[in-house]
Each structure stands twice: as C-alpha cells, then as structure tokens.
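attaching a predicted model along with its sequence, questions to come.
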Amino acid sequence: MKRKGYTFVEVLISLVVITIFFGILTLIVDMTLRSYKVSKATLQSLYANTYVNFLFDVMEGELKWAGSGSSLLVNQRYKDDPNKKLQKPKFTLGVASSYTRPGENYKQITDHLWLYDSIDIEKTADGFRIYVTYVITYPVVLKRNNDNPPTYSPLQSGYLGPSGWAIITNALSPSSSEYRPRYAKLRYYLNGQVFNGGYVKPTDKFTLKEINLAVQSVSTDLDLLSEDKFVYPVARFKNAVFNNGYVTRSFRQVIIEYNSTEKKFTMTRFMPALDLTNNYFPITLLENVEQVEASLVYRYRNEEGGIEERRIRFDNMADWNTYKNSPAIQTIKDDIIGLELKIKWKMSWGSLVGNTGEIVKTKFIVFPQASK
C-alpha cells in the first residue's frame, strides 16, 4: 500500500529552499530600491540645477549685449536732458497729417538707461525688474551729401541691409552739443530703385524716404529736417524673426522681473518698432523660487590701496528707486562691475517623491562695460 503526502524531511527541505529563494529575492529587491533612490536623488539634483541654471544662462545671454549701441540712445554730454535722448515720432493711426517729427522722448527706452546707458534696476512692491537695452546696427553709416536734391552716401564700405528702422542724428559724435538721436522707419532708393540690401561703397548715392507711420503708404523726404545728417540703419537678421517679420535681436529692451508673491522670474521682450500692434512678448523663466538675494558688485579701493569687491543688495531696499540716483551711488557708479544673484529653489513635486528638492545657487554675472 502506497503512502500519501510528504515526509517531514521533504517538507523541511522544501522550506529551506523557499527560504533561500526569498532571501535572494529580498536582497535583489533591496538593491533595486537602493539603486532607485540613488538615481531619483541624482535626477532630482539634475532637474533642480537645470531649472536654476536656465535662468542664469538666459540672464547672462541678455546682459552680454548691454551697452551695444548705447551711444545712439542718448547725448552722452547731456544725459539728464530729455530732449537730448532718443525721440520717436508722434502720430494718430490713419491720419497722415498727424505724423510729427522728431516727436517726443521715447520714454520706454530712455527712462531705463541708468547704468552704462543700457541697464536699469527698478524696485517693485513684490520684487524687482532688471532692464537691458541694446541696439545692433549695420556696419555702414549714411551721411547726407551737399548736392541738390540731397542724397546720402556710406561713410565706409560694407554690407547694408534692406530698408527698415534707423536711428538718425544731426551729429556724428554722441558727445557733441548738437547731438540728438531720433527713431524712424525708412525706405532706401539707389539709382531710382528700392534697395533690398547688399554691399555698398562711399561713391554710392541713396535717396531716403521716411515712412509716415500713420499711413505707411505715405512717405516724406528725409532731408526736410536739417538735423537729419547721419543715418544708422538698425540691423535685421533673417534667421531670427517673429511671425510679424521683426527681428528678435537688433533693437530691443529685455525686462527680467522677479515677483516674490508669485515666486517666479519672467522675461519680457519689448520691441521698439512703433507699428507693432503688440510690443511685449513675455515668457516665464523660473517658478517655485523660495528666496532671492540680489546685489550689485563694485570695485572698492581700501585704505591700504588694494582693490576689493563690495556689494549693494537692492532686492530688500525699499528706497532703492531713490537711492540709485543718490550721491552715494554716483561716486561708485563707474566701478560697478556686475550682478550677483543667490536663489533658493524648491521643486513643486517634492511631496510626491518624499524629498524637498531644495537647492541654493549663486551666480555672478559680469557686465560687459565693466572691462572697458
């Protein structure tokens, strides 16, 4: 008669085998979990650093243009005179007779030329704004000739782009007492034909027409204003345009704003073209910002004759907008060399992964004008 079931020894052996199996399985699972936690922490750190570094990279990328073309925006000899700063024409859309030149001070630009004629820092109720303004022109300046009817010729050979925006002055040097820049949209004619860009030389003679922005089909001879002696054509780049045809980087103002209530940094590109229906193009740079310390860094000569770096923290200075024009700042203004930001950032998904994901990073950005 055959017996049914297992002997005690067989059951014991089975239990030993199962125990060994689960022991190995537990070890594998534990190693996998440890590897996952290490990988997760690494990824969290990478994500956190990437987010904050993106803000720093964008700011550094914009600030490197600070000072480009700044002499075209203001008479450097009379910086405090609003009539010696960039002017824009006044007009009422659809009424050609309303077009008035040179017009009025282009306040959106000229009110923010505090440092190096290209940078401004403004305190707000919830944070601060950093303004960066720059102009990139073609390497060709047009000078009015003494012939009749009047024409314009390049001061030097080089590439000149097609008709478009230009800054017009009545003197070549921005330190001249007569210097006054104004902004206008032009059409260029060479040998009676519309000029669409190309290599030019001093023997070329252009006829220039100013577009009436109230009715753009109407144009006016540029020479009617005796001040219009020199023309600086604003550059246009075909590889970087909005769908409205205006360049993203030629003449613009960038506004980088920190809002402590919303805990974020935003960047707004202001396009000075006067015929745009919308001149502002905002994007969000960084959210979930827990804390910011922002300072201007300047060189200071100590009593021993050595040079040291000192800081003026402006993000927590309630009277900064007044203080930045005080005698205390004026004495060190030319020694300001850069901007320092210390940012504490916290990931929004920290509660989901069981980690605060909080990092603190500091960045020092040197202003281009500081090395001049």
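Nice, thanks for sending it over. Numbering: from 1, shown residues only.

quick check: D223 touching P150?
Yes. Judged on C-beta atoms under 8 Å, D223 makes contact with P150 at a distance of 3.9 Å. Backbone N, C-alpha and C define where each C-beta goes, glycine included.

list residues touching both of these two?
Common neighbours of D223 and P150, counting by C-beta atoms under 8 Å, 6 or more residues apart in numbering, are R144.

can you give me the domain boundaries for the chain?
Using automatic domain parsing, the domains assigned to the chain come out as 9-63+288-372, 78-124+134-233.

between those domains, which one is closest to L276.
L276 lies closest to domain 78-124+134-233 among these, at 10.7 Å (C-beta to C-beta).

mind listing what G161 touches?
Taking C-beta under 8 Å, 6+ apart, we find G161 in contact with 138, 197, 233, 235-236.

I283 now?
Counted by C-beta under 8 Å, 6+ apart, I283 has contacts 266-268.

in strands only, show me the residues you listed.
Counting by DSSP state E, the part of the contacts of I283 found in strands is 266-268.

most neighbours of all the residues you listed, which one?
When neighbours are counted by other C-beta atoms under 10 Å, M267 leads those with 20 neighbours.

test my guess that that residue contacts P282.
Yes. Contact status for M267 versus P282: in contact at 7.1 Å, counting by C-beta under 8 Å.

before we move on, the earlier item: from the contacts of I283, which is closest to K205?
Lowest distance from K205 to these (C-beta to C-beta) belongs to T268, with 41.3 Å.

surely the closest one meets R252?
No. Counting by C-beta under 8 Å, R252 is not a contact partner of T268; they are 10.3 Å apart.

how close does T284 sit to F56?
15 Å (C-beta to C-beta, to the nearest Å).

revised request: answer the last question for N212.
Distance of N212 to F56, given as C-beta to C-beta: 44 Å.

equivalent analysis for G164, please.
From G164 to F56 the distance is 33 Å (C-beta to C-beta).

neighbour count: those two, which is higher?
Shown here are G164 and F56; by other C-beta under 10 Å, G164 has more neighbours (21 against 18).

roughly how far is stretch 363-372 from the heart of the chain?
Centroid displacement of stretch 363-372 relative to its chain, using C-alpha atoms, centre = their mean, to the nearest Å, is 15 Å.

can you list contacts of it?
Contact partners of stretch 363-372, identified using C-beta under 8 Å, 6+ apart, comprise 56, 59-60, 63-67, 115-116, 118-119, 297, 336-341, 343.

out of those, which are buried?
Buried positions within those, assessed by neighbour count (16 or more other C-beta atoms under 10 Å), are 56, 59, 63, 65-67, 115-116, 118-119, 297, 336-341, 343.

and these, which of them are in strands?
Short answer: those in strands (DSSP E) are 119, 297, 336-341, 343.

which of the residues you listed sits closest to R187?
Comparing those against R187 with C-beta to C-beta places I119 closest, at 33.3 Å.

which non-adjacent residue is nearest that closest one?
Once flanking residues are discounted, I119 sits nearest to A66: 5.2 Å by C-beta to C-beta, 6 or more residues apart in numbering.

any regions of the stretch 101-250 of the chain where pLDDT drops low?
Residues of the stretch 101-250 of the chain that meet the criterion pLDDT under 70 lie in 237-249.

again, only this time at 50
Within the stretch 101-250 of the chain, the set of residues satisfying pLDDT under 50 comprises 239-247.

next, count neighbours for L27.
Counted with other C-beta under 10 Å, the neighbours of L27 add up to 10.

start to end distance for stretch 195-206?
End-to-end distance for stretch 195-206, by C-alpha to C-alpha, to the nearest Å: 9 Å.
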